[in-house]
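Asker: Below is the structure, and that's it, no one-letter string:
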């Protein structure tokens, strides 16, 4: 177990913001978590669970205790009729889990390849990409309630999953620390190829019936081509959520912008790519001080070097204002802002 006072979070947020916390505790197993919770005193409050910080913008120091899971096991079991049960520690890197599942024949997560962060954070955020969402695979989540030190199990329906949402982001925020996630799903291979440019990229490689390994590698290549590596340039991936509007609003905008990209949610609701709207506002590749919009993907805000969290936040607010002025749509951060 690691237990450090006045700890820099520079290497625990992918934006590369140099902020600190009053106390930092990393635990490797449930015994160490029990010990850590027993050590907490009232002056250690507030307490914040943190994974890799790949979905976090720090605008100030955190005057409290950070709890960081390093629980790293993966257990994959597949029945004769292809039903997969995958148990995983909350500290596992998400992409390591996807790689293990593909290697062992538990297919279905390929489109979620190379998403940064830990499994625990993914369960909080309900990560998604290329037409696939994590919620469709989650069976249960095991967590400790920080105040009572009681272990609790939540099933999928308990968490109220929705687009980039779970109760862990609102009602249960900083109340629980996730220790394990269990996935159950049909692991028969049914590739999702008709979202974004997946099929086009496969055909460019003369692949028309991809294996799971080929699909995963193609998703990785697509992401690497358009998304910056946080090791080289600070960012938290997609900064904004794609807004969902009613059909009337979509039809009004579609008349103004023929060919506007969109994705049908149901008969009455349409998802419009926030990145497209940001690009239409002229922000792609532009900077505001030391924070900027990435030149290949307008949904991504980047730290050009030396930016503070407030620099990035100012850029966020400016973009929100411009998008609302041009499209009449409020876009909201996907990133958690502290």
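Answerer: Arrived safely, thanks for sending. Note that the structure is predicted; figures quoted are calculated from it, not measured.
Asker: contacts and neighbour counts: CA atoms only from here.
Answerer: Fine.
Asker: Residue 24 - that's part of a strand, no?
Answerer: Yes. Per DSSP: H, G, I helix; E, B strand; the rest coil, residue 24 lies within a strand segment.
Asker: count of neighbours near it?
Answerer: Look at residue 24: counted by other CA atoms under 10 Å, it has 22 neighbours.
Asker: That one contacts residue 66, doesn't it?
Answerer: Yes. Contact criterion CA atoms under 8 Å: residue 24 and residue 66 qualify, at 4.8 Å.
Asker: Give the buried residues for stretch 168-180.
Answerer: Neighbour counts over stretch 168-180 (16 or more other CA atoms under 10 Å) mark 168-169, 174-180 as buried.
Asker: Which two of those have the greatest separation?
Answerer: 169 and 180 (17.2 Å; CA to CA).
Asker: what residue ranges in the stretch 51-200 of the chain score low on pLDDT?
Answerer: Applying pLDDT under 70 to the stretch 51-200 of the chain flags no residue at all.
Asker: Tell me the first helix or strand C-terminal of the strand ranked longest in the chain.
Answerer: Using DSSP state E to define each element, the chain has its longest strand at strand 176-186. Moving toward the C-terminus from strand 176-186, the next helix or strand (DSSP states H and E) is helix 198-204.
Asker: and that next one, what other elements does it pack with?
Answerer: Contacting helix 198-204 under the criterion 3 or more CA pairs under 8 Å, 6 or more residues apart in numbering; DSSP states H and E are the following elements: helix 212-226.
Asker: how far is the helix it packs on from where the chain is centred?
Answerer: Put simply, helix 212-226 sits 17 Å off its chain's centre (CA atoms, centre = their mean, to the nearest Å).
Asker: same question, stretch 198-217
Answerer: Distance of stretch 198-217 from the chain centroid (CA atoms, centre = their mean) equals 24 Å.
Asker: Which elements pack onto the biggest helix by length in the chain?
Answerer: Counting residues, the longest helix found in the chain (DSSP state H) is helix 309-327. Applying 3+ CA pairs under 8 Å, 6+ apart, we find helix 309-327 packed against helix 274-280, strand 291-293, strand 300-303.
Asker: export the ones you listed to TSV and tack on mean pLDDT, distance to residue 219 and mean neighbour count?
Answerer: Shown next, in TSV, are these (pLDDT from 0 to 100; distance: least, CA to CA, whole Å; neighbours: other CA atoms under 10 Å):
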stretch	mean pLDDT	distance to residue 219	mean neighbour count
helix 274-280	97	19	20
strand 291-293	98	22	26
strand 300-303	97	17	26
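Asker: now these in CSV, with distance to residue 41?
Answerer: As requested, the helices and strands packed on helix 309-327 are exported to CSV (distance: least, CA to CA, whole Å):
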stretch, distance to residue 41
helix 274-280, 43
strand 291-293, 38
strand 300-303, 36
